[in-house]
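Novice: sequence and predicted structure are below.
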Amino acid sequence: MNEVVAGRRVHIIQGEYKVISDPDVVLSTILGSCVAACLRDPVAGVGGMNHFLLPGSATSLASSGDATRYGVHLMELLINGLLKKGARRDRLEAKVFGGAKTIASFSNVGEQNAAFAMQFLKDEGIRVVGSSTGGEFGRKLEFWPVSGRARQYPLTGAETQRTVALEQRPVRPAPKPVVDDSIEFF
């Protein structure tokens, strides 16, 4: 019997984060070289997850224009989202997943993603209570943000390759707002 039947599943895709305080919600995602950080405040009863493709820095954000791909941006959004929902930074705990080396001939961006997440959390003083990173195959992740429970399922080689294809697909930039640059003379 699927344990999520009584609750609601919210899927997180690359470049997203969610903050939840409903104990019946499970957050899920599929990871290859991407990393998901799962954070929660057990006292406030709030938690969340992000899903990022690249570790990132202020320089890479400025040059790319697409902040949603970068861990530095999504980590800040997740932490701030938790604080807005009543979490306290000193009570936050984290679990980190993903970062597989899914393509042998490429540089190990997965390892870089996982190392970035762990260093970011250490620098922010957020305790890491669990992690599962690396390996050669992707994983499906489920996280119950209120309880902090996490479960992962290893993906097969074919499933991992589909995940890699999604990760390599260019992210469509957000549509630019329409700017009325007409001039009206009186």
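Specialist: Arrived safely, thanks for sending. Residues are numbered from 1 along each chain as shown.

Novice: endpoints of stretch 41-55, how far apart?
Specialist: 24 Å (CA to CA, to the nearest Å).

Novice: what comes up buried for that stretch?
Specialist: If you call a residue buried by 16 or more other CB atoms under 10 Å, then stretch 41-55 has these buried ones: 41, 44-55. C-beta coordinates here come from the backbone N, C-alpha and C atoms, glycine included.

Novice: closest one to residue 127 out of these, please.
Specialist: Of all the buried residues of stretch 41-55, residue 41 has the smallest distance to residue 127: 11.4 Å, by CB to CB.

Novice: check which helix or strand the residue nearest to the closest one when sequence neighbours are not counted maps to.
Specialist: Spatial nearest neighbour of residue 41, chain neighbours left out: residue 87 (3.5 Å); criterion: CB to CB, 6 or more residues apart in numbering. Applying DSSP states H and E as the criterion places residue 87 outside every helix and strand.

Novice: which residues touch residue 87?
Specialist: Residue 87 sits next to 40, 41, 44, 46 when contact means CB atoms under 8 Å, 6 or more residues apart in numbering.

Novice: just checking, residue 25 touches residue 145?
Specialist: Yes: judged on CB atoms under 8 Å, residue 25 makes contact with residue 145 at a distance of 6.9 Å.

Novice: those two - which one has more neighbours?
Specialist: Between residue 25 and residue 145, counted using other CB atoms under 10 Å, residue 145 has the larger neighbour count: 27 against 18.

Novice: excluding sequence neighbours, find me the nearest residue to the more buried one.
Specialist: residue 47 (2.8 Å).

Novice: what are the phi and psi values at the one you found?
Specialist: phi -160, psi 180 (degrees, to the nearest 10).

Novice: how near is residue 153 to residue 126?
Specialist: Distance of residue 153 to residue 126, computed by CB to CB, to the nearest Å: 26 Å.

Novice: same thing with residue 150?
Specialist: Distance, residue 150 to residue 126, using CB to CB: 16 Å.
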